[in-house]
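**Q** My questions concern the predicted model and sequence given below.
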Amino acid sequence: MAGTLIGSLLGYRFQKRLADRSERRNAVLAFTGAANEFIRSQYDWWHRQHEEPGGPAHIAARTEAFRLRGLVCQAIHQIQLLVPDDSLHSQAERTLDTISALHRATDREELRAMSVDARADLNTFVAQASARIK
């Protein structure tokens, strides 16, 4: 009887650990997915504002970028709830800030350079998260 109880408890702990890891991994994937979409929207916003500042396409692109920024913020909050790692939280915030600045690039060259920084920040986040949630 004691063996059955111990086996049940060990099985429960193992399943709980796997479920927690899966939940943390899903939170990280939600952040990276939202961040990649946010990068794309920042590019769109930049191009629309340089084609026709204040035009309907520019306003729509800006609105979409703000919506996606909200999704990135939501994903960061989810990570903060599920992954107790302040350095990972800081890297997620840094990534958000870097991406948020893309639409302010003055020309294509600066946009490309800023994009490289944004992708590097996102890759750093993924590497940190990967090490943390294994």
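**A** Sure, I can see it.
**Q** Now the residue positioned nearest the centre of the chain. Nearest residue, chain neighbours left out?
**A** Against the mean C-alpha coordinate of the chain, by CA atoms, centre = their mean, the closest residue is residue 31 at 2.7 Å. In space, and not counting its chain neighbours, residue 31 is closest to residue 75: 3.8 Å by CB to CB, 6 or more residues apart in numbering. Backbone N, C-alpha and C define where each C-beta goes, glycine included.
**Q** before we move on, what about residue 100?
**A** Nearest one to residue 100, counting by CB to CB, 6+ apart, is residue 69 at 6.5 Å.
**Q** So which elements touch whatever helix or strand that neighbour lives in?
**A** Assigned by DSSP states H and E, residue 69 belongs to helix 56-82. Helix 56-82 sits against helix 2-51, helix 86-100, with contacts defined as 3 or more CB pairs under 8 Å, 6 or more residues apart in numbering; DSSP states H and E.
**Q** hey, which of these is tucked in deepest?
**A** helix 86-100 (a mean of 18; mean count of other CB atoms under 10 Å).
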